[in-house]
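Colleague: below: sequence and its predicted model.
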Amino acid sequence: MAMAWSSRTVAALCFSFLLVGCTTLNKSECLQADWRTIGLEDGAQGHPLTRIGEHRKACAQYGVRTDLPSYEAGHREGARLFCIPRTAYQLGLRGGTYHGICPAEHERDFVAYYQSGQEVRRLRLELNQERSVLGEIQAGHAANESVIATRESLLVGEGLTRRQRLVLLNEIKVLTETRVALEAAISGQEAVIEQLAETIARRELTF
């Protein structure tokens, strides 16, 4: 089933991914533009005021001029809708960019929540990396165990010379020491992961 996209959504995607040939507004939107509403939508989405420059370029080819005062008025209204703690936190959490559009009375709180989201995002990424490291250590441990089992199987076999048995015994000794080191590394890594998970749980916010 095909997904339906609004023209404004498509325009936003074009801007986000810098697709060649994409414009923020199409011909119909330019000809019927309500610049206050466009400003409100842009402000509510966290776009900076400079966004109107892209609209200007998009509409110039159709002979349509932007209305800066109306756009700015709408943008201020939209920014007030955008500049709330939940939006700030979610923006930081997903790695979005804050363009400094909040009015002075909301700026400090917005930035604080935004930075909280960024910190939780950083910790989550760190947790994923530590889990990957744990997986690698566990894989190494499993491989080491497999080699130990193979050497022990050979050791109890028949037809080995004394020298061959000594070689196998030495290998098993080294592999056993490696086992101990790997198990200690696994335990240490699990502790790191548990601590990180607890830190994230303490710092995560719900709205």
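Modeller: Thanks, I have the structure now.
Colleague: after the longest helix anywhere in the chain, which helix or strand is next?
Modeller: Across the chain, the longest stretch assigned as helix under DSSP state H is helix 104-155. Counting by DSSP states H and E, the next helix or strand C-terminal to helix 104-155 is helix 162-203.
Colleague: and that next one, what does it pack against?
Modeller: Identification of packing neighbours for helix 162-203 by 3 or more CB pairs under 8 Å, 6 or more residues apart in numbering; DSSP states H and E yields helix 104-155. C-beta: built from backbone N, CA, C; applies to glycine.
Colleague: just want the angle from the helix it packs on to helix 162-203.
Modeller: Relative orientation of helix 104-155 versus helix 162-203 (axes from the mean of the first three to the mean of the last three CA atoms, to 10 degrees): 160 degrees.
Colleague: buried residues in stretch 189-199?
Modeller: 189, 193, 196 (16 or more other CB atoms under 10 Å).
Colleague: one more: stretch 197-207?
Modeller: Residues of stretch 197-207 classed as buried by neighbour count (16+ other CB under 10 Å): residue 200.
Colleague: for that stretch, give the mean pLDDT please.
Modeller: Mean pLDDT, stretch 197-207: 96.
Colleague: distance check, residue 86 against residue 92.
Modeller: Distance check for residue 86 against residue 92: by CB to CB, to the nearest Å, it reads 11 Å.
Colleague: now residue 133
Modeller: Counting by CB to CB, the gap from residue 133 to residue 92 is 25 Å.
Colleague: comparing residue 86 and residue 92, which residue is more hemmed in?
Modeller: Applying other CB atoms under 10 Å to residue 86 and residue 92 shows that residue 92 carries more neighbours, namely 23 against 12.
Colleague: nice, that's everything, thank you.
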